[in-house]
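Asker: Predicted coordinates and the sequence they were generated for:
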Amino acid sequence: MDMIALPVFSSGAMENYGLITYRDYRLLYREGIDPPSQQQSVALVISHELVHMWFGNLVTLAWWDDTWLNEGFARFYEYVAIDYFNIDWSTYEEFYQDRVTFGAFTADNGYDTHPTHRTVGWYNEIRQQFGKQSYERGSMMIMMMISFLGQDVFDAGIDDYLNSKKYGNAKKDELFHYLTKADVSVGAHNVKEIMDPWLIQPGYPVVTVTRENNQVTAHQERFLIDPNDQPLLPGQYPQGLWSIPLTCLHSDEPYTPNPALHWLTAETGTFDLIGANADDWFLVNVNQVGYYRVNYDDENWDKLINQLVSNHLPISTQNRAGLVDDVFSLAQSHRILANRSLQLMEYMDKEMDFGPWKAAENGLQYMDTMLLRSAIYGDFRRYVRQQISPVYSHYGWNLTVGDHVEYFARTTAIRVACYYGDRNCRTKAQAVFAEVLQDPATDSMSIDVRQTVFCNGIAYGDEEDWNSLHAMLETTKDERLIEDIKSGLSCSTRLWILQSFMERYLHTKEATSVISYVSNATAVGFLLAWDFAVQHFDTLLENDANAAYDLMWHFTNTMNTEADRDKYDDFGRKYNNMPNDNALGFYRGLRKLDTNIEWMDKNYQNMEDFLILTV
């Protein structure tokens, strides 16, 4: 198989028979220079394209409504293949959850999503099929089918499917036929009946479980990260119940390789906890292989948290990452109080694995944004710093020691520790930044901490440091480096520098990008960027009208006070003649702002009380 790296290529890679083409950085890895993340990325992309020799080339989808038959399988098996050839990387156990599961959940948690399988015809509809709904969500469909069919049945069905359809086209129902056929004498599942709702409906469920004695009641409904979200076109896609494979274990059997499986096919159902004592915790969606979130009653949340705090190891790494991911998402969606997330984090000063901390890094973003301009933000930062500092101290900054998995745990600890103000981490970041300024051409700094280094170097540096980094921006053509430099430059605490930064790019196509970076970097930057955008909005409109309006709606991700709402309303009244598509964006932003205000009203006092007791 021939492969070629191209410096200019619109796609990341393309699985042509005989000659696979790649964007250069997707194929090339320089041993001893590039970090393990680049090595892993290259390996996964190559693996993905090779999987397409079977799923895409040998058997090709009949039409683009089933794009997931190509891309979902390629996404899933790229991890399986790398795990086979590099077992010490723990690619499937440590990274699938972060890259695929969390990615699918995030892309699919609102009404702006679409089903994995849907009728498409127009070019723009077909292009939209090449997104996370086909790649990550499609991959999750495969993982979930394996979870209830079993690996042997699934493999037999796939072999039959590939052999029967080779050099031809396939539809999802044909795949389901061969999987059902393979399962006839084993589980006798009707795969089409189970899987169709998952594929033709958008979104995914949250399952709320409550326990009375040893009977568990499970209730399903669609999960929405914004509880006030509304569909743009009601009835555009079908919406009903899912057939949900509920896998379950409890503290008397935390390591079972074959957890109990119960089906939830109605809105509400029950199942029994076999062999559990009254004091045992239980856990649903073992290793998060099912495409659903889980919420527990307060008693079971308390039991799970107590187990984590006393000894987290009886709960597997994937289960711990799933609990962290779920608890932050449930808090953001107003289903539980946000201080429940902080309670669960109490054990994390002893958590040395990548998966749970990566889930926490993701989950903390919304909470951090909401508290950024509040009186308790300092206490919140101290609390997170208390939890991450022991982890950072354990790993340190030496990125050349340890194995593949340790590298990702170390870089995650560096990012979180520096962001939340660990003094040692900040000092080291500033030292690395000084080295970079002395030799900008060096490749010694890992891309995985580059943004952290730039941000800390600029935040605690002087105007000369800012100018030196900006000079690098003017000379590089590396797109990823450009984005990291812009982000770093926006971390300045000097208002005149940020003002000058935005003014410098005001009459360019990069204006909205620069203003957005400034607004995201600091609380002061947010206020400055809003005032600047409002003051110069007519100029931004002339540059790119859609980008200008989208920038203004972007501010509502941070806005969460009545004063913010008044400012946003004033802007809407001033530009009340905006085009219809932009007006829809305005009202979506308004809804987001109101949801943020509700979140603060619901959670602020409880979080303040928690932080007073723990910091």
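Answerer: Great, that's in hand. Note that the structure is a prediction, hence the values are computed from the model and not measured.
Asker: Could you say which helix or strand holds Tyr366?
Answerer: With secondary structure defined by DSSP states H and E, Tyr366 is part of helix 354-371.
Asker: Would you mind measuring from the residue sitting furthest away from the middle of the chain to Phe148?
Answerer: The centre of the chain is farthest from one residue, Ser185, which by C-alpha atoms, centre = their mean lies 38.6 Å away. Here the criterion is C-beta to C-beta, to the nearest Å. By it, Ser185 lies 16 Å from Phe148. To be clear about C-beta, it is placed using only N, CA and C from the backbone, and glycine gets the same treatment.
Asker: And for Glu598?
Answerer: For Glu598, the distance to Phe148 - C-beta to C-beta - is 37 Å.
Asker: Tell me where the model's unsure across this protein.
Answerer: Along the chain, segments meeting pLDDT under 70 span 442-444.
Asker: mind listing the strands for it?
Answerer: Here the chain has its strands, by DSSP state E, at 2-6, 13-14, 19-23, 59-61, 168-170, 205-212, 215-222, 244-250, 260-264, 268-272, 282-284, 293-296.
Asker: follow-up on the earlier one: Glu598 and Phe148: who's more crowded?
Answerer: Legend: neighbour count by other C-beta atoms under 10 Å for Glu598 and Phe148, higher for Phe148 (20 against 14).
Asker: these two touch, right, the more buried one and Gly187?
Answerer: Yes - Phe148 is within contact range of Gly187, at 7.2 Å (criterion: C-beta atoms under 8 Å).
Asker: related to what we said a few turns ago, okay, the strands of the chain in JSON lines with mean neighbour count and distance to Asp159 next?
Answerer: Shown next, in JSON lines, are the strands of the chain (neighbours: other C-beta atoms under 10 Å; distance: least, C-beta to C-beta, whole Å):
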{"stretch": "strand 2-6", "mean neighbour count": "12", "distance to Asp159": "27"}
{"stretch": "strand 13-14", "mean neighbour count": "18", "distance to Asp159": "26"}
{"stretch": "strand 19-23", "mean neighbour count": "18", "distance to Asp159": "24"}
{"stretch": "strand 59-61", "mean neighbour count": "19", "distance to Asp159": "12"}
{"stretch": "strand 168-170", "mean neighbour count": "15", "distance to Asp159": "14"}
{"stretch": "strand 205-212", "mean neighbour count": "19", "distance to Asp159": "31"}
{"stretch": "strand 215-222", "mean neighbour count": "17", "distance to Asp159": "33"}
{"stretch": "strand 244-250", "mean neighbour count": "23", "distance to Asp159": "23"}
{"stretch": "strand 260-264", "mean neighbour count": "18", "distance to Asp159": "24"}
{"stretch": "strand 268-272", "mean neighbour count": "15", "distance to Asp159": "33"}
{"stretch": "strand 282-284", "mean neighbour count": "24", "distance to Asp159": "32"}
{"stretch": "strand 293-296", "mean neighbour count": "24", "distance to Asp159": "33"}
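Asker: Using CSV, lay out those strands together with distance to Phe586.
Answerer: Putting those into CSV (distance: least, C-beta to C-beta, whole Å) gives the following:
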stretch, distance to Phe586
strand 2-6, 41
strand 13-14, 38
strand 19-23, 36
strand 59-61, 38
strand 168-170, 43
strand 205-212, 29
strand 215-222, 25
strand 244-250, 37
strand 260-264, 39
strand 268-272, 38
strand 282-284, 40
strand 293-296, 30
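Asker: out of these, nearest to Ser492?
Answerer: Judged by C-beta to C-beta, the one of the strands of the chain that comes nearest to Ser492 is strand 19-23, at 32.2 Å.
Asker: Other residues contacting the closest one?
Answerer: 1-6, 9, 11-14, 45-46, 49-50 (C-beta atoms under 8 Å, 6 or more residues apart in numbering).
Asker: repeat that with 10 Å
Answerer: Outside strand 19-23, the residues within contact range by C-beta atoms under 10 Å, 6 or more residues apart in numbering are 1-15, 27-28, 42, 45-46, 48-50, 52-53.
Asker: which of those residues count as buried?
Answerer: Buried members of those, counted by 16 or more other C-beta atoms under 10 Å: Ala13, Glu15, Leu27, Val42, Val45, Ile46, His48, Glu49, Leu50, His52.
Asker: Of these, which belong to helices?
Answerer: Residues of the buried ones among the contacts of strand 19-23 located in helices (DSSP state H): Leu27, Val42, Val45, Ile46, His48, Glu49, Leu50.
Asker: Name the nearest residue to the first one, ignoring sequence neighbours.
Answerer: With sequence-adjacent residues excluded and distances taken as C-beta to C-beta, 6 or more residues apart in numbering, Leu27 is closest to Ala5, at 4.3 Å.
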